[in-house]
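Trainee: can you look at this prediction? I've put the sequence above it.
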Amino acid sequence: MSRSDSTTYLWGRLDVPSQPHYVPAVRRAVERLGAEADLSRRDIEDLDLAVTEACANAIRHGSPKGAHNRIHIAFYLEPERVIVEIRDEGAGFDPNAEALPTPGDLCDGGYGLHIMRQVVDRVEIQFGDGTTVRLHKARRGKEAPRLRAPRSVRRSIPGRVPALAA
Amino acid sequence: MDFVVTTKDATIGDNRRAVIVQVVGEVDVYTAPRLKDKLLQVERDGVHHIVVDLTEVGFIDSVGLGVLIGALRRARAGGGTLVLCGPNPRIRRILDITGLSSAFTVSQDTDEGLKVLEREVPSDAGAVGQGGRQ
């Protein structure tokens, strides 16, 4: 899932073994990215949560060789949004099969994708060469000047992009 | 912040055993198994009246929530219940998003949590001795 948009800036990559103890480090990277993108604290927390859920899914469902698999994470900045891509090395899953469990049933799993869809503006899922989950979070706060797109690009963007449906 | 889970014994009602499980740190796919182990140990000890103190928890994900839900289910099956204490707005938000705020009883602090346990637990459940109701 390569990014070809000329206004997209690859902020960083993380490539870690598919093991739970790397997930806090991924969150710390999300927090740095969010701060640089001038996201509000709430938006950073939401993106943190969504990325954690995607990593947990990658570890639990997208790593047939367990800790021998890796999780590939890419962080992108665009003038109007932040995008985090999480790719695992699994065979994929049916994103429509995961209905939110009924609270009264006290299910202890099955909430991840629903949470992601609630806390970011858009969730894209792509299969092939593992499963890639792409999380979009709009930059609703003021833009960080040093990360702004060139003036010519900014002029071509008519105002803020409204929040996309999940 | 390091992840730490500690337990503190308490009693409710007619000398029924209860426990306050204090959690410090982030509860996620990495740390949740340690919380689960502690809660299973509490259950093996025969205690089904549980307050989980989340006052010092800054973050929880769905794996951590699943551990709490599983413990609530087992506590109820054992004749008790599990109360969440002091969740921050971030944790309340994930409870709301998942609809699980309707499954858990939430208290402000551990004292209130123990009172909730007394109120919600059947009077003949889990009694370990005789004593006057407080």
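Mentor: That came through fine. All values reported here derive from a predicted model rather than from experimental measurement.
Trainee: with only the CA atoms kept, save stretch A:68-82 in CSV.
Mentor: Output in CSV follows, covering the C-alpha atoms of stretch A:68-82 (Å, rounded to 0.1, in the frame of the first residue of the first chain):
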residue,chain,number,x,y,z
HIS,A,68,9.2,-15.1,14.2
ASN,A,69,6.7,-12.9,12.4
ARG,A,70,7.1,-9.1,12.3
ILE,A,71,4.8,-6.1,12.4
HIS,A,72,5.6,-3.4,9.9
ILE,A,73,4.4,0.1,10.9
ALA,A,74,4.7,3.3,8.8
PHE,A,75,3.7,6.7,10.0
TYR,A,76,2.7,9.4,7.5
LEU,A,77,1.9,13.0,7.8
GLU,A,78,-0.3,14.8,5.3
PRO,A,79,-1.4,18.5,5.6
GLU,A,80,-4.9,17.5,6.8
ARG,A,81,-4.3,14.1,8.4
VAL,A,82,-2.0,11.6,10.1
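Trainee: so is that stretch next to chain B?
Mentor: No. Remark: stretch A:68-82 sits outside contact range of chain B, by Cβ under 8 Å from any Cβ of the partner chain, the gap being at least 11.4 Å. Any C-beta I mention is one placed from the backbone N, CA and C, and that applies to glycine too.
Trainee: ok, now which ones touch the residue of chain A most remote from its centre?
Mentor: Within chain A, A:G104 marks the point farthest from the mean C-alpha position, 29.5 Å out by Cα atoms, centre = their mean. By Cβ atoms under 8 Å, 6 or more residues apart in numbering or on different chains, the contact set of A:G104 is B:102-103.
Trainee: how about B:A75?
Mentor: B:43, B:48-50, B:81-82.
Trainee: following element in sequence after the helix or strand hosting it, please.
Mentor: In this structure, B:A75 sits in helix B:62-77 according to DSSP states H and E. Counting by DSSP H and E, the next helix or strand C-terminal to helix B:62-77 is strand B:81-85.
Trainee: need the residues of chain A near chain B, please.
Mentor: Going by Cβ under 8 Å from any Cβ, the residues of chain A near chain B are A:20-21, A:23-24, A:27, A:45, A:48-49, A:52-53, A:55-56, A:59-60, A:100, A:102-104, A:106-109, A:111-112, A:114-115, A:118-119.
Trainee: interface residues of chain B facing chain A?
Mentor: Where chain B comes near chain A, counting by Cβ under 8 Å from any Cβ, the residues are B:26, B:28-30, B:59, B:61-63, B:65-67, B:69-70, B:72-73, B:90, B:94, B:97-100, B:102-103.
Trainee: counting by contacts, list what the helix or strand containing A:L113 packs against.
Mentor: Of the helices and strands defined by DSSP H and E, A:L113 is found in helix A:112-119. In terms of contacts (3 or more Cβ pairs under 8 Å, 6 or more residues apart in numbering or on different chains; DSSP states H and E), helix A:112-119 is packed against helix A:41-61, strand A:122-127, helix B:89-98.
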